[in-house]
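Student: pasting the sequence and the predicted coordinates here, then a few questions.
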Amino acid sequence: MVGENLEQRIRAIEDRLEIYNLIAGHPPSADTGADYYAEAVYTEDGVFDRGADLSGATGNEAIAASLKSPGHQAAIAGGLAHFTGLPHIALDGDRAIVTSYLQILAPHKSGEPIEVPNHGSSRGYHIHRVVTNRWELARTASGWKIKRRTIRLVDGSQPSRDILRGALEAYAERA
Amino acid sequence: MVGENLEQRIRAIEDRLEIYNLIAGHPPSADTGADYYAEAVYTEDGVFDRGADLSGATGNEAIAASLKSPGHQAAIAGGLAHFTGLPHIALDGDRAIVTSYLQILAPHKSGEPIEVPNHGSSRGYHIHRVVTNRWELARTASGWKIKRRTIRLVDGSQPSRDILRGALEAYAERA
Amino acid sequence: MVGENLEQRIRAIEDRLEIYNLIAGHPPSADTGADYYAEAVYTEDGVFDRGADLSGATGNEAIAASLKSPGHQAAIAGGLAHFTGLPHIALDGDRAIVTSYLQILAPHKSGEPIEVPNHGSSRGYHIHRVVTNRWELARTASGWKIKRRTIRLVDGSQPSRDILRGALEAYAERA
């Protein structure tokens, strides 16, 4: 028989691993336009807040639909790549706050190709955007889902730093 | 006594953590030319498929040997860096499919150095390649090993998106 | 009742997840100047060794204070972003060696903006530095802490490769 404490510990571990996969699944979905993924991982009233300069969406169906927009499809056809770093997970029972960095990459369309031995010739890629992400997650009957994802551009201004500070809250309180 | 179910859960967790380390060990091995690593982590009949434009290899010994090729050694001497994002792991008993993004970086050889306060002066790095990776893994008596690794360049064409969709299969089936 | 072996396995798993969070917390602390984080996660005699070309610090208080230096604050105001790949963790009881890659990014201050459909217009970012990191960690009464962090620039020279080889030691010994 598994004691309750042990069950809770193992469950918390499994939660964290499931959350890593949820975050790791985002770039493949964004770069293939997988609306079925967005529909499955956002809650019905989920919010994707991209800041003042880009259009977000509310509701898992609207967020999913945005992946099928002509603009997004054009970006995919151009070689869009979302690239995520190691996320920080703050798990609290049936809720979790994930803080992560994301690069949005695109191939250079012009310029001189560069050769790297054993790695071919390439015009390379540019980092189009670097954003910080705050993912507010909730446990549901069908797994962990996104209630709100907020991204802010790293441009030296305060909003992206506000997101980052969210990962350090436990340390700020103790200080 | 540990129940079978509990043992299975803990083993699955340990599997996933071992797999993260396997993927995290790849960039250090590629950037130091560690043939002993490639020899240990690929199966005897393992395949490294780099697509039509770059030469792959079959068999752990051949894959290991390619890290000692003059071309690869020249790339290392030039400051090659493999940089991996957070991988997605789909574990299924003694098999696993890992989907990940990888950047291949190299220092700029020319151009004006830029100064960033408290972070020195640098000509910077260029992103030479961005590739998607599909790792087909199997549990063996000596740990998780790579049966096949397939990489495809992110250039707006279908093959790299096919790899990415592999990470989302469970969602596609339910949709 | 939990057997000792089982308790050890679960504890090792929790250790690794705590260590992932420790590494994931570093970029948010560096990019917000969170001295309270550095003070909490380094040991009192902790060392941050940045190599010969950049100034490091010794002691958690001195390391924390460096995040408040005018130079570091200027870098933050310019849009500094630390971006970490998936780290390799070698856990050995109450000690751990973590090996990771880190990019240091900054927004381009000049140049033509590029438009990516559905992803706005941007001058983009440059990769200022790519460094390898060796984190020597120890378990303490208040969690895992950093005893020594060593970074070396990836520039084709030996020191950064020495750090990377540290992640592969178990494989080198068996070879």
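Tutor: Sure thing, it's come through. Numbers count the residues shown, from 1 in each chain, chains lettered A, B, ... in the order given.
Student: mind listing what's buried in stretch A:55-67?
Tutor: A:56, A:57, A:59, A:60, A:62, A:63, A:64, A:66, A:67 (16 or more other Cβ atoms under 10 Å in any protein chain shown). The C-beta positions use only the backbone N, C-alpha and C, and glycine is treated the same way.
Student: give me the mean pLDDT for it.
Tutor: When pLDDT is averaged along stretch A:55-67, the result is 96.
Student: one step back: which among the buried residues of stretch A:55-67 gets closest to chain B?
Tutor: residue A:64 (9.7 Å; Cβ to the nearest Cβ).
Student: quickly check: stretch A:138-155 near chain B or not.
Tutor: No: judged by Cβ under 8 Å from any Cβ of the partner chain, stretch A:138-155 stays clear of chain B, getting no closer than 9.1 Å.
Student: rewinding a little: helices - which of the buried residues of stretch A:55-67 land there?
Tutor: A:60, A:62, A:63, A:64, A:66 (DSSP state H).
Student: could you work out the most separated pair of these?
Tutor: A:60 and A:66 (11.0 Å; Cβ to Cβ).
Student: surely residue A:26 touches residue A:67?
Tutor: No: with contacts defined as Cβ atoms under 8 Å, residue A:26 does not count as touching residue A:67, sitting 11.1 Å away.
Student: and residue A:129, how far from chain B?
Tutor: 14 Å (Cβ to the nearest Cβ, to the nearest Å).
Student: which residues does that residue bridge with?
Tutor: Here residue A:129 sits in beta bridges with residue A:104, as judged by DSSP bridges.
Student: and whichever helix in chain A runs longest, what's buried?
Tutor: Secondary structure of chain A per DSSP H: the longest helix is helix A:4-32. By neighbour count with 16+ other Cβ under 10 Å, helix A:4-32 contains the buried residues A:6, A:9-10, A:13, A:15-17, A:19-32.
Student: stretch A:41-50 vs chain C: in contact?
Tutor: No: Stretch A:41-50 is not in contact with chain C by Cβ under 8 Å from any Cβ; minimum separation 9.1 Å.
Student: residues contacting residue A:22?
Tutor: Listed by Cβ atoms under 8 Å, 6 or more residues apart in numbering or on different chains, the contact set of residue A:22 reads A:41, A:137, A:144, A:146.
Student: out of those residues, who's the most crowded?
Tutor: Most neighbours among the contacts of residue A:22, by other Cβ atoms under 10 Å in any protein chain shown: residue A:137, with 26 neighbours.
Student: correct me if wrong: it contacts residue A:145.
Tutor: Yes: between residue A:137 and residue A:145 a contact is recorded at 6.7 Å, counting by Cβ under 8 Å.
Student: chain A: helices as residue ranges?
Tutor: Using DSSP H, helices in chain A cover A:4-32, A:35-41, A:60-66, A:70-77, A:158-166, A:169-174.
Student: ranking the ones you listed by mean pLDDT, which is last?
Tutor: Looking at these, the weakest mean confidence is helix A:169-174, a mean of 90.
Student: which helices and strands sit right next to that one?
Tutor: helix C:35-41 (3 or more Cβ pairs under 8 Å, 6 or more residues apart in numbering or on different chains; DSSP states H and E).
Student: helices and strands around the helix it packs on, which ones?
Tutor: Using 3+ Cβ pairs under 8 Å, 6+ apart, helix C:35-41 sits against helix A:169-174, helix C:4-32, helix C:60-66.
Student: can you say which of these is nearest to residue A:112?
Tutor: The nearest among the helices and strands packed on helix C:35-41, by Cβ to Cβ, is helix C:4-32 at 32.3 Å.
Student: check the offset of the closest one from the chain's centre.
Tutor: 13 Å (Cα atoms, centre = their mean, to the nearest Å).
Student: tilt between it and helix B:4-32?
Tutor: Interaxial angle, helix C:4-32 versus helix B:4-32 (axes from the mean of the first three to the mean of the last three Cα atoms, to 10 degrees): 50 degrees.
Student: relative to helix C:70-77, how tilted is helix C:4-32?
Tutor: Using the same axes, to 10 degrees: helix C:4-32 against helix C:70-77 is 90 degrees.
Student: what angle separates helix C:4-32 from helix A:158-166?
Tutor: Going by the same axes, to 10 degrees, helix C:4-32 makes 160 degrees with helix A:158-166.
Student: and the pLDDT at the residue lying closest to residue A:60 once chain neighbours are set aside?
Tutor: Nearest residue to residue A:60 in three dimensions, chain neighbours excluded: residue A:42, at 3.7 Å (Cβ to Cβ, 6 or more residues apart in numbering or on different chains). As predicted, residue A:42 sits at a pLDDT of 98.
Student: tell me, how many residues neighbour residue A:42?
Tutor: 24.
Student: what's the distance between it and chain C?
Tutor: 18 Å.
Student: again with residue A:22
Tutor: 15 Å.
Student: against residue B:37, how distant is that residue?
Tutor: 30 Å (Cβ to Cβ, to the nearest Å).
Student: tell me who's in contact with the closest residue to residue A:135 other than its chain neighbours.
Tutor: Nearest non-adjacent residue to residue A:135, counting by Cβ to Cβ, 6+ apart: residue A:98, 4.0 Å away. Residue A:98 is in contact with A:19, A:23, A:87, A:88, A:89, A:90, A:133, A:134, A:135, A:137, counting by Cβ under 8 Å, 6+ apart.
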